[in-house]
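Enquirer: for reference, the sequence and a predicted model appear below.
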Amino acid sequence: MIVVVIPAYNEEQTIGRVVSGLFEHGYTHVLVVDDGSTDNTLRVAKAVGAQVLRHAVNRGQGAALETGNEWARRMGAQFTVHFDGDGQFNPSDIAPALAYMQAEGVEVVLGSRFLDTRSKLPFTKRYVLLPLGRIVNRLLTGVSLSDSHNGFRILSREALNKISITHDRMAHNSEIIMQLRTHNLKFKEFSVEIVYTRYGQGVGGGIKILKDWLVHSFFHSD
Amino acid sequence: MMLIQIFFISLFIVAFIKVILRYYRKEIQLVDALFWSIVWVGGGIVVLKPDFTFYIARFLGVGRGADVVVYSALILIFFILFRLTITLERFNRNLTLLTRKKTFENLPSKDSTTL
């Protein structure tokens, strides 16, 4: 069973299209974790037929993903796909990524925007923010990746059972990479397409991630 | 006694009484009650006997008594911020765990996962 987990916060404009796109590509177990949205995300996700879990209050993308992971564990998912709800990912990337994962015999596949030229990144993201993010990520996790904070990833059952996300907000990306290392999980990057419908995180977001990471790491050594 | 001394002493007495009351109402633990009692009583001593800081300054090798007060206040503020940050982190973590627990409790049945 392949479970697609979509953390969503106020994504009423895009969540329906994202879920429908996944259904059209044959993924029947699509879980939307509505992270305390104040708009109609919950209603839209239900209307298009997604399985929906709802956080009563907003806890952040990392927290929503861990809720999705917990559901996937309970469902006994063979593979768990992390997929964004803002419509920037391409569902046709999942099947080749899964095939690549199995062919390479790895437990985790991480999406990357930099392995081909399909993703049209804003100039400042491509040449300033993401290269900087890669360096910071390398310093924090000790793992060198071509893309620092790409939300597309596929986890095997073994990886799903070992990885536990404790960073509630955006620093979970680095935490997952860190856990790949600590749990000795084999992983590869795979080229995915990101269609930019909005800019996403800027410099402020990056600084906040770093601050969250440092505070969390300082106070939670477990 | 100068007006500013009366003002600060009144403030510290009220704060000290609140600490004792909160401890007896079991709203704070003994260690917190002791910590805050030392802070307010210590503050009172410094206000009543400003020369006292001179002896501490000389003992610590800081220089002036006023510097001891400023350094102590800074250390105290950082310590309080540190404790607040720990409390906030713990609160956030617990809130996330509780939210997740409630999310799964709200599922209609064990076998049905669609709300």
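Expert: Happy to help now that I have it. Numbers count the residues shown, from 1 in each chain, chains lettered A, B, ... in the order given.

Enquirer: got the phi and psi for the residue minimising distance to the centre of chain B?
Expert: With distances taken as Cα atoms, centre = their mean, B:Ile80 lies nearest the centre of chain B, 5.4 Å away. Here is the backbone geometry of B:Ile80 (degrees, to the nearest 10): phi -60, psi -40.

Enquirer: what ranges does chain B have for its strands?
Expert: With DSSP state E as the definition, chain B shows no strands.

Enquirer: name the helices or strands packed onto the lowest-mean-pLDDT helix or strand in it?
Expert: Least confident element among the helices and strands of chain B, by mean pLDDT, DSSP states H and E: helix B:52-60 (a mean of 84). For helix B:52-60, the packing partners by 3 or more Cβ pairs under 8 Å, 6 or more residues apart in numbering or on different chains; DSSP states H and E come out as helix B:30-48, helix B:65-105. For the C-beta atoms, the positions are set from N, CA and C on the backbone; glycine is no exception.

Enquirer: ok, A:Lys162 - contacts?
Expert: Neighbouring residues of A:Lys162 by Cβ atoms under 8 Å, 6 or more residues apart in numbering or on different chains: A:Gln179, A:His183, A:Leu185.

Enquirer: now, among these, which is nearest to B:Glu105?
Expert: A:Gln179 (27.1 Å; Cβ to Cβ).

Enquirer: kindly report the residues of chain B close to chain A.
Expert: B:85-86, B:89-90, B:92-93, B:95-96, B:99-100, B:102-104, B:106-107, B:113-115 (Cβ under 8 Å from any Cβ of the partner chain).

Enquirer: just the buried members of these?
Expert: B:Asn92, B:Arg93, B:Thr96, B:Thr99, B:Arg100, B:Thr103, B:Thr113 (16 or more other Cβ atoms under 10 Å in any protein chain shown).

Enquirer: let's have the residues you listed in JSON lines, adding pLDDT.
Expert: Converted to JSON lines, these look like this (pLDDT from 0 to 100):
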{"residue": "B:Asn92", "pLDDT": "91"}
{"residue": "B:Arg93", "pLDDT": "91"}
{"residue": "B:Thr96", "pLDDT": "95"}
{"residue": "B:Thr99", "pLDDT": "96"}
{"residue": "B:Arg100", "pLDDT": "95"}
{"residue": "B:Thr103", "pLDDT": "94"}
{"residue": "B:Thr113", "pLDDT": "48"}
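
Enquirer: what about A:Gly16, how many residues nearby?
Expert: 21 (other Cβ atoms under 10 Å in any protein chain shown).

Enquirer: that one belongs to a helix, doesn't it?
Expert: Yes. Under DSSP: H, G, I helix; E, B strand; the rest coil, A:Gly16 falls within a helix.

Enquirer: get me the contact residues on chain A for chain B.
Expert: A:31, A:36, A:46, A:51-57, A:59-60, A:63, A:66-67, A:70-71, A:75, A:166, A:168, A:215-216, A:219-220.
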